[in-house]
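Colleague: quick one, what's the 3D model for this:
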Amino acid sequence: MNIILSDDTEPSMATASAGEGSAIDRELWDRLRVGDHFALGELFDRYADDVRAFAFRRTASWSTADDVVQATFLSTWRRFQRNPPGPLTGASARGWLLIVAGNECRTLARAASRLRGLVDRLPDPAPDDDHAPDVARRLDDERRMSAIRRAVAKLPRHERETLELVVWSGLTTAEAAEALGVPVGTVKARLHRTRRRFPDLLTRVALNEELS
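Modeller: Here you go, the predicted structure:
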């Protein structure tokens, strides 16, 4: 699994396509604000894969990522029912959803730590032979992602969140700034620091694993 920290963090996109996507998100957002649950389903169709990929990179577990997707959209619906946010001001709803997903990752991590002792005592089920290749691939993905996550965890939280939104999830610096509530210049400065810091952190994590 490769991580590319390049200077080109703005995804290329046709202007018309971007404008159309923004209009769709604003419409869905407004429908959610008046309690239209069908709008949530449409938002799920648009961004569930993005949320799942974000959650996997945060947790290094596909099963946990699936849980985070469900929790993110359930939490979003409850938020709109309880205290609807204002009109959508960013280019899309993706950044807002990824911030919610990050919060759900932390919530699930706390719950997992409380249950880990019990789960560790349970026997592992024997995998179906027909699914063995897929199981092996998922475990290999999770092992590689675990090493990357350990390196990312050594970054300051504000740099880590910026990396996850821009580098891993493909938000523009403007979208990330909107989601994080900071100026665009701050996002760019964080990315610059992360590019210098991260390769060395990843190397050290890999070296420690070889020595352990």
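Colleague: what sits against the closest residue to His37 other than its chain neighbours?
Modeller: Nearest residue to His37 in three dimensions, chain neighbours excluded: Trp77, at 7.0 Å (C-beta to C-beta, 6 or more residues apart in numbering). Placement of C-beta: from N, CA and C, glycine included. By C-beta atoms under 8 Å, 6 or more residues apart in numbering, the contact set of Trp77 is Leu32, His37, Leu40.
Colleague: just the buried ones among those, please.
Modeller: Burial by neighbour count, judged by 16 or more other C-beta atoms under 10 Å, picks out Leu32, Leu40 from these.
Colleague: related to what we said a few turns ago, give me the element the residue nearest to His37 is part of.
Modeller: helix 62-82 (DSSP states H and E).
Colleague: okay, that helix in CSV with CA atoms only?
Modeller: Extracted C-alpha coordinates of helix 62-82, given in CSV (Å, rounded to 0.1, in the frame of the first residue of the first chain):
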residue,chain,number,x,y,z
TRP,A,62,-12.4,-3.5,7.3
SER,A,63,-15.0,-4.7,9.8
THR,A,64,-14.6,-1.7,12.0
ALA,A,65,-14.7,0.5,8.9
ASP,A,66,-18.1,-1.0,8.0
ASP,A,67,-19.3,-0.2,11.5
VAL,A,68,-18.0,3.4,11.2
VAL,A,69,-20.0,3.9,7.9
GLN,A,70,-23.2,2.8,9.6
ALA,A,71,-22.5,4.9,12.7
THR,A,72,-21.6,8.0,10.6
PHE,A,73,-24.8,8.1,8.7
LEU,A,74,-26.9,7.2,11.7
SER,A,75,-25.2,10.0,13.7
THR,A,76,-25.7,12.4,10.8
TRP,A,77,-29.5,11.7,10.7
ARG,A,78,-29.8,12.1,14.4
ARG,A,79,-27.9,15.4,14.2
PHE,A,80,-30.3,16.7,11.5
GLN,A,81,-33.3,15.6,13.5
ARG,A,82,-32.1,17.1,16.8
